[in-house]
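> Pasting a predicted model and its sequence here:
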Amino acid sequence: MADSKTVRCKVCGGILTGKVGACPYCGEISPVGGFSFSHGEKTETPRHGHFFGKIVVVFAAFILIMGAVSVIFGNIRRDIAAEIPWETRISKEEKALETAEKLTKELPMSREDLVQWLREYEGFSKQTAEFAADGCGADWNAQAVRSAQERMGYEHYSYDNLVKILQEYGKFTEEQAIFGAENCGADWQKEAVEYAVVTLSYSSCSYIGLVDWMVDVGLYPEELAVYAADNCGADWNEQAVKCAEEYLQIELDSREEMHSQLLYEGFTEEQTAFALDALKSNLK
């Protein structure tokens, strides 16, 4: 028995004794010789080396595949990023900051006005808008000065009215509004005179009526209102006639009532008499 030729099955590792055509353990037809055996019994030869070798090979292949996939997807991400416009790739905070800087250079804006603009017209959140307003580097006092100068360019204001407008409509703080009014370079006497001229261009007033209007509505100090009334070049007789004509349009055509009304408006007796004489044909 010891001289019998033996072989080991290449599939299951079983020991085969003698000349066989197939492995009785697994059915393999082509046995592989050259292994030790014992009396035809199946013995298990350790095969751990083969098993771990396969694991190493599979792991190495996995690493290579993942590396290739990483390179491919990295290239794809770079290609996609290259096609995306820059403005969509920067963060919301950076975009808000860029917008805030641009707006404060182009327009005189308060911090509150800027935050509102960024939220309502640019679509940023309150937190992002406030971040941009605080980080854009704007000098809010300087912005108040610019706003004051811009407003004085198309309308005439008293100092007090300008401060009020900067706070209520420009949304500057009281300190910023005061700074803006004090440093906008306005000639307040000139502004008062021009305000009086504009007022008389669309409404008839007596001297007293104009002064009262400028103090109550224009918020001018009384001394500036008087200065404006003295220097606006108004013809008070003519103003009395215009005032009487306005009352005629609402069918106040009694001479006695017109006399009382003109005096109530602040015209003097002489100015009232001039107007009544000019319109005597229209009065009863």
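That came in fine, so what should we check first?

> Please read off the pLDDT at the residue nearest to Leu283 when sequence neighbours are not counted from the model.
Distances taken as CB to CB, 6 or more residues apart in numbering put Arg255 closest to Leu283, at 4.2 Å, once the chain neighbours are dropped. For the C-beta atoms, the positions are set from N, CA and C on the backbone; glycine is no exception. Arg255 carries a pLDDT value of 89.

> can you check Ser281 too?
On the pLDDT scale, Ser281 gets 85.

> which residues touch stretch 163-171?
108, 110, 112-113, 116, 144, 147-148, 151, 157, 172-174, 176-178, 180-181, 219 (CB atoms under 8 Å, 6 or more residues apart in numbering).

> So which bits of the helix or strand hosting Glu256 are buried?
Applying DSSP states H and E as the criterion places Glu256 in helix 255-264. Neighbour counts over helix 255-264 (16 or more other CB atoms under 10 Å) mark Met258, His259, Gln261, Leu262 as buried.

> From what I see, the first one and Asp277 are in contact.
Right, Met258. No: Met258 is beyond contact range of Asp277, at 11.4 Å (criterion: CB atoms under 8 Å).

> of the buried residues of helix 255-264, closest to Ala96?
Gln261 (59.4 Å; CB to CB).

> so how far is Leu283 from the closest one?
12 Å (CB to CB, to the nearest Å).

> same check, this time on Asp139
Counting by CB to CB - Asp139 and Leu283 are separated by 62 Å.

> ok, these two, which is more surrounded?
Leu283 (18 against 11; other CB atoms under 10 Å).

> Just the helices from this protein, written as ranges.
48-83, 86-89, 92-106, 111-120, 126-135, 140-154, 159-168, 174-182, 188-202, 207-216, 222-231, 236-248, 255-264, 269-278 (DSSP state H).

> and those helices, which one's lowest on average pLDDT?
Across the helices of the chain, helix 86-89 gives the lowest mean pLDDT, at a mean of 53.

> And for Asp212, the neighbour number?
With other CB under 10 Å as criterion, Asp212 counts 16.

> for Ala196, that is, sorry about that
By other CB under 10 Å, neighbour count at Ala196 equals 28.

> I'd like to know which of the contacts of stretch 163-171 are buried.
For the contacts of stretch 163-171, buried by 16+ other CB under 10 Å: 108, 110, 113, 116, 144, 147-148, 151, 157, 172-173, 176-178, 180-181, 219.

> and this structure, what are its domains?
1-45, 88-135, 236-282 (automatic domain parsing).

> show me the contacts for Asp212.
Gly266.

> start at 50 instead
OK, 50 is where the count begins now, so the last one is Asp261.

> Can you tell me how far it is from Glu314?
In terms of CB to CB, Asp261 sits 10 Å off from Glu314.

> got it, and Val164?
Val164 is 47 Å from Glu314, by CB to CB.

> cool, and Val247?
Taking CB to CB, one finds Val247 at 19 Å from Glu314.

> more neighbours, these two?
Neighbours were counted for Val247 and for Glu314 using other CB under 10 Å; Glu314 has more, 20 against 13.

> now Gln298: how far from Leu328?
Taken as CB to CB, the span from Gln298 to Leu328 is 12 Å.

> between those two, which one's more packed in?
Leu328 (18 against 7).

> Ramachandran angles for the more buried one?
Backbone geometry at Leu328, expressed as degrees, to the nearest 10, gives phi -120, psi 20.

> show me the contacts for it.
Leu328 touches Val290, Ala293, Glu294, Leu297, Met307, counting by CB under 8 Å, 6+ apart.

> and of the buried residues of helix 304-313, the nearest to Ala274?
Closest to Ala274, out of all of those and judged by CB to CB, is Leu311, at 21.0 Å.

> Okay, now stretch 210-223: how far is its last residue from its first?
Distance between the two ends of stretch 210-223: 13 Å, counting by CA to CA, to the nearest Å.

> Now do the buried residues in it.
So stretch 210-223, judged by 16+ other CB under 10 Å, has buried residues Asn210, Leu211, Val212, Lys213, Ile214, Leu215, Gln216, Gly219, Lys220, Phe221, Thr222.

> Kindly provide the distance from the fourth one to Ser252.
Think Lys213. In terms of CB to CB, Lys213 sits 22 Å off from Ser252.
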